[in-house]
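Student: model the structure of this input:
(one chain, ligands or ions: 1)
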Amino acid sequence: MKIINSIIHMQALAIAPEREGRQISFVPTMGYLHEGHASLLREGRKRGDLLVLSIFVNPIQFGKNEDLDRYPRDLERDFKLAESCGVDVVFIPTATEMYPQGFQTGISVRDISLPLCGASRPGHFDGVSTVVTKLFNIVRPDVALFGAKDYQQLAVIRRMTHDLNLPIEIVGMPIIRESDGLAMSSRNAYLTPPERQSALSLSRALKRARELFLAGECSASVLSSEVRTLIEQDPLVIIDYVEVLDGEMLQKVKYVDSVSLLALAIKIGQTRLIDNTIFGEEF
Ligand code: PAF
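Tutor: Got it, this is the predicted structure:
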């Protein structure tokens, strides 16, 4: 497994497979890898001849009072997991090379970036779209894999890739959960034991919404109020949003009649968590 820090070396390494018609699969991450990332890497391994993982805690997708400085990092552990998933190249650029003095270009995917996390974290998806475009230009993948826990991120990247005619297949992969239902996230590391216990209310509430939907309930307001009520029973959890939207453009819907997303974001103490469930389609 090669570790590459410089952009020019990564670009040079990507040229050979491109010329030889070998496929590059790519999993961009911010590190502190878990089983969710491992599932992307294993799928990436199957889909490409060269599997590239990037680890970069992207400063421009964090707001002023967010957790950029304390975002968990453990490169040694990441390397072990990467190796066990058959990664060929780990690309770890520096922030100064990614955003040198004078950097002033950004990618903004308009409407789809505005609701949900875009409303609570203004500018977040511009930061994500910009770094992902840069990473795509550096790694030059044929296929890139993203987790469905960050469903809005996946939708924004799909839209951007389509709108900008990037010749890259975007693959969305299902949420990976702990055995008790908690969606895997690097930010789970922040939770104290009582907070982690409270965080289980999210997957429990989403499970209940799925049960209601499977029993024939299609009203978005009934499904989202059920989720709210269940989560609000836990005093440690503060709801940011619970919304039902269409799965592609992320517009609010009144009824679940095609592929729809029930997405939620909450805060427990200092930790912001997101989770979701899809109605009408399985990943
Ligand atoms: O999902 C993440 O880890 C990040 O948002 C991404 C896609 C690597 C961009 O920084």
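Student: only C-alpha atoms for contact and neighbour calcs from this point on.
Tutor: Will do.
Student: check whether stretch 108-122 comes near the ligand.
Tutor: No - in this structure, stretch 108-122 remains apart from the ligand according to CA under 6 Å from any ligand atom; the gap is never smaller than 11.9 Å.
Student: who touches that stretch?
Tutor: 63, 124-126, 129-130, 152, 155-156, 159-160, 240-241, 243, 249-250, 263, 265 (CA atoms under 8 Å, 6 or more residues apart in numbering).
Student: so which of those residues are in strands?
Tutor: For these, membership in strands holds for 240, 241, 243, 263, 265, with DSSP state E as the criterion.
Student: follow-up on the earlier one: buried subset of the contacts of stretch 108-122?
Tutor: Neighbour-count burial within those applies to 124-126, 129-130, 152, 155-156, 159-160, 241, 243, 250, 263, 265; the criterion is 16 or more other CA atoms under 10 Å.
Student: which one of the ones in strands among the contacts of stretch 108-122 is nearest the ligand?
Tutor: Nearest to the ligand among the ones in strands among the contacts of stretch 108-122 is residue 265, at 15.3 Å by CA to the nearest ligand atom.
Student: quick one: that closest one and residue 275 touch, right?
Tutor: Yes - using CA atoms under 8 Å, residue 265 makes contact with residue 275 at a distance of 6.6 Å.
Student: show me the contacts for residue 246.
Tutor: Residues in contact with residue 246, defined by CA under 8 Å, 6+ apart, are 252, 253, 258, 259, 260, 261.
Student: any idea how far residue 269 is from it?
Tutor: Separation of residue 246 from residue 269 (CA to CA, to the nearest Å) stands at 30 Å.
Student: can you give me the helices for the stretch 151-283 of the chain?
Tutor: Counting by DSSP state H, counting those that start in this stretch, the stretch 151-283 of the chain forms helices over residues 151-163, 193-214, 220-232, given from the N-terminal end onward.
Student: let me redo that: the stretch 1-150 of the chain
Tutor: With DSSP H, counting those that start in this stretch as the criterion, the stretch 1-150 of the chain has helices spanning 7-20, 35-47, 75-84, 95-98, 117-120, 124-139.
Student: just send the ones you listed back as TSV, with mean pLDDT too.
Tutor: TSV is the format used below for the helices of the stretch 1-150 of the chain (pLDDT from 0 to 100):
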stretch	mean pLDDT
helix 7-20	93
helix 35-47	98
helix 75-84	98
helix 95-98	98
helix 117-120	97
helix 124-139	98
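Student: is it possible to get JSON lines of those helices that adds distance to residue 148?
Tutor: Output for these, formatted as JSON lines (distance: least, CA to CA, whole Å):
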{"stretch": "helix 7-20", "distance to residue 148": "27"}
{"stretch": "helix 35-47", "distance to residue 148": "10"}
{"stretch": "helix 75-84", "distance to residue 148": "20"}
{"stretch": "helix 95-98", "distance to residue 148": "26"}
{"stretch": "helix 117-120", "distance to residue 148": "14"}
{"stretch": "helix 124-139", "distance to residue 148": "15"}
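Student: so which of the ones you listed is nearest residue 192?
Tutor: helix 35-47 (20.2 Å; CA to CA).
Student: could you list the residues of the stretch 101-250 of the chain in contact with the ligand?
Tutor: Listed as neighbours of the ligand in the stretch 101-250 of the chain under the rule CA under 6 Å from any ligand atom: 128, 132.
Student: report pLDDT for whichever residue of the stretch 1-150 of the chain sits closest to the ligand.
Tutor: Distance from the ligand to each residue of the stretch 1-150 of the chain (CA to the nearest ligand atom) is smallest for residue 29, at 3.6 Å. Per-residue confidence for residue 29 comes out at a pLDDT of 98.
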